[in-house]
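>>> sequence and predicted model, in that order:
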Amino acid sequence: MSTSSTASPLATAYELLRPRILQRLLELRATLDPALGRMDEHTARAQVGAVLDHLGNFIATGDMGQHRAFLHTFLAMRAAEAQSPAAVLAMLVAIGDTAAQVAQEEGAGTADGAELTLLLTRVTASTARAVNDLIAEELERRLATWNELRTKTQKGAPS
């Protein structure tokens, strides 16, 4: 995301910190997510960068629908890489926590640093809630499908 003259001060502050956040995440990637640790740096940078780009967009727009859509796609992409929803959730929370930690360190003693840290903490909490909701919705769909198949099987079975 590029900053513009209409971007909020916090969105701009996030974008300025984004390279430091990305660097920290790449340094910690094996401890944040074992799957990230097994990736080459280019692939890990692309995945983490996509999450950070989207976080910046969410900070700038506050569009929860777009955020949920991204998270849904990200969950599906990681599922294709054999990553469980719980592992994806843990990784997203770790990314958010690390971003907040970098913001706190870089903005220590400033009102903007404290505000950005708080915002990143709230965004991380919103992300965790959204991922949990998406997981619950998927489980409900699967349960409904299973119940429907079970009912059809029971109706078709001889008594």
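Good, I have the coordinates. Residues are numbered from 1 along each chain as shown.

>>> tell me the spacing between the residue nearest the centre of the chain and residue 12.
Centroid check for the chain by C-alpha atoms, centre = their mean gives residue 92 as the closest residue, at 3.9 Å. Distance of residue 92 to residue 12, given as C-beta to C-beta, to the nearest Å: 23 Å. All C-beta atoms are positioned from the backbone trio N, CA, C, and that covers glycine.

>>> repeat that for residue 82.
38 Å.

>>> between the two, which is the more surrounded one?
residue 12 (18 against 8; other C-beta atoms under 10 Å).

>>> lowest confidence element among the helices and strands of the chain?
Of all helical and strand segments in the chain, the minimum by mean pLDDT, DSSP states H and E falls on helix 34-38, at a mean of 88.

>>> only the buried residues of it, if you could.
Neighbour-count burial for helix 34-38 flags 35, 36 (criterion: 16 or more other C-beta atoms under 10 Å).

>>> what residue ranges in this structure score low on pLDDT?
1-7, 157-159 (pLDDT under 70).

>>> tell me which other helices or strands the biggest helix by length in it touches.
Counting by DSSP state H, the longest helix found in the chain is helix 111-156. Using 3 or more C-beta pairs under 8 Å, 6 or more residues apart in numbering; DSSP states H and E, the elements in contact with helix 111-156 are helix 9-32, helix 41-61, helix 64-80, helix 85-106.

>>> what angle do the longest one and helix 111-156 make?
Think helix 9-32. Comparing the axes of helix 9-32 and helix 111-156 via axes from the mean of the first three to the mean of the last three C-alpha atoms, to 10 degrees yields an angle of 60 degrees.

>>> tell me which residues are up against helix 9-32.
With contact meaning C-beta atoms under 8 Å, 6 or more residues apart in numbering, helix 9-32 is reached by 1-3, 7, 36-37, 39, 41, 44-45, 48-49, 52, 55-56, 59-60, 91, 94-95, 98-99, 101-103, 106-107, 112, 115-116, 119-120.

>>> next, the angle from that helix to helix 41-61.
150 degrees.
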